[in-house]
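K.L.:
Below are the sequence and a predicted model for it; my questions follow.
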Amino acid sequence: MAYDNPWADSEPKRLGGPPPKLSTRVNEKLARTKEMASEGMEITKEKTKVAAKKVKEGCSSGIHWMKLR
């Protein structure tokens, strides 16, 4: 059974047995949350680097223009 949801496991964990302990379920959810957060942080770091480079270029050209005046 394939799932389109990235949070869903590839197969259901439980097929009729006793329900998993609350701590086990919480640990699984936190592990998935940590993975998603780390992916988001990597994307944010890249965007921040690009923005910082643009600011640096803009400031240097502005200061150069002021020196000429």
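P.N.:
Perfect, I can see it now.
K.L.:
which helices and strands sit right next to the strand or helix carrying residue 23?
P.N.:
Per DSSP states H and E, residue 23 falls inside helix 22-68. Using 3 or more Cβ pairs under 8 Å, 6 or more residues apart in numbering; DSSP states H and E as the contact test, no helix or strand touches helix 22-68. For every residue, glycine as well, the C-beta is placed using N, CA and C.
K.L.:
So what's the gap between it and the chain middle?
P.N.:
Computed by Cα atoms, centre = their mean, to the nearest Å, the chain-centroid distance of helix 22-68 equals 9 Å.
K.L.:
for stretch 21-41, same thing?
P.N.:
12 Å.
K.L.:
Make 25 the starting number, not 1.
P.N.:
Yes, from this point I'll number from 25; that puts the last item at stretch 45-65.
K.L.:
Buried residues, that stretch. List them.
P.N.:
Across stretch 45-65, burial judged by 16 or more other Cβ atoms under 10 Å covers no residue at all.
K.L.:
one step back: looking only at pLDDT, what's the mean for the helix holding residue 47?
P.N.:
The average pLDDT within helix 46-92 is 83.
K.L.:
Okay, and residue 43 sits in which element?
P.N.:
Short version, using DSSP H and E: residue 43 is in no helix or strand.
K.L.:
show me what contacts it?
P.N.:
Not one residue lies near residue 43 by Cβ atoms under 8 Å, 6 or more residues apart in numbering.
K.L.:
can you tell me how far it sits from residue 49?
P.N.:
Applying Cβ to Cβ, to the nearest Å, the value for residue 43 to residue 49 is 8 Å.
K.L.:
what's the answer for residue 63, then?
P.N.:
In terms of Cβ to Cβ, residue 63 sits 22 Å off from residue 49.
K.L.:
cool, and residue 87?
P.N.:
With Cβ to Cβ as the criterion, residue 87 and residue 49 are 56 Å apart.
K.L.:
ditto for residue 81
P.N.:
49 Å.
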